[in-house]
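Next input, structure requested:
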Amino acid sequence: MSDATLQAIHDAIAAHIADENEDDATEYLTEWAVTAAAVIADNAEYTSYWFLNPKGIPYHHKLGLMYRGIEYLEDQ
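Residues are numbered from 1 along each chain as shown. Reported below is the predicted structural model:
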């Protein structure tokens, strides 16, 4: 993935956090991880999963972000 694409994802997530922030506190996006699913048009039963994250995030931070994401989904 290109650096420009990674920066665009970072900027989009940071903008979303700013839009959703109800406390008017300044929050800075430091790390992020995205899981995406893609289905092949010719074979709808096959799904591939992609894990996107900026370069240099330690493995334990990636796991922590994914675990927190699961906790968030369970709370919904």
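
nearest spatial neighbour of W50, skipping sequence neighbours?
Excluding the flanking residues, the one nearest W50 by C-beta to C-beta, 6 or more residues apart in numbering is A36, at 4.5 Å. Backbone N, C-alpha and C define where each C-beta goes, glycine included.

what do you get for W32?
Distances taken as C-beta to C-beta, 6+ apart put I13 closest to W32, at 5.2 Å, once the chain neighbours are dropped.

now do S48
Computed as C-beta to C-beta, 6+ apart, the closest residue to S48 that is not its neighbour in sequence is A38, at 5.2 Å.

After the helix or strand hosting that neighbour, heading C-terminal, what element do we hit next?
Element membership for A38 (DSSP states H and E) is strand 34-40. Under the assignment DSSP H and E, the closest C-terminal helix or strand after strand 34-40 is strand 43-52.

packing partners for that following strand?
Applying 3 or more C-beta pairs under 8 Å, 6 or more residues apart in numbering; DSSP states H and E, we find strand 43-52 packed against strand 34-40.

Give me the contacts around the strand it packs on.
Strand 34-40 is contacted from outside by 9, 46-53, 66, 69, using C-beta atoms under 8 Å, 6 or more residues apart in numbering.

got the CA coordinates for the helix or strand that contains A15 in PDB?
A15 belongs to helix 3-20 when assigned by DSSP H and E. Extracted C-alpha coordinates of helix 3-20, given in PDB (Å, rounded to 0.1, in the frame of the first residue of the first chain):
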ATOM      1  CA  ASP A   3       2.300   6.000   1.700                       C
ATOM      2  CA  ALA A   4      -0.300   8.300   0.100                       C
ATOM      3  CA  THR A   5      -3.100   5.800   0.700                       C
ATOM      4  CA  LEU A   6      -2.000   5.100   4.200                       C
ATOM      5  CA  GLN A   7      -2.000   8.900   4.900                       C
ATOM      6  CA  ALA A   8      -5.500   9.300   3.300                       C
ATOM      7  CA  ILE A   9      -6.800   6.500   5.600                       C
ATOM      8  CA  HIS A  10      -5.200   8.200   8.600                       C
ATOM      9  CA  ASP A  11      -6.600  11.600   7.700                       C
ATOM     10  CA  ALA A  12     -10.100  10.100   7.200                       C
ATOM     11  CA  ILE A  13     -10.100   8.300  10.600                       C
ATOM     12  CA  ALA A  14      -8.800  11.500  12.300                       C
ATOM     13  CA  ALA A  15     -11.500  13.500  10.700                       C
ATOM     14  CA  HIS A  16     -14.100  11.000  11.800                       C
ATOM     15  CA  ILE A  17     -12.800  11.200  15.400                       C
ATOM     16  CA  ALA A  18     -13.000  15.000  15.300                       C
ATOM     17  CA  ASP A  19     -16.600  14.900  13.900                       C
ATOM     18  CA  GLU A  20     -17.700  12.400  16.600                       C
END
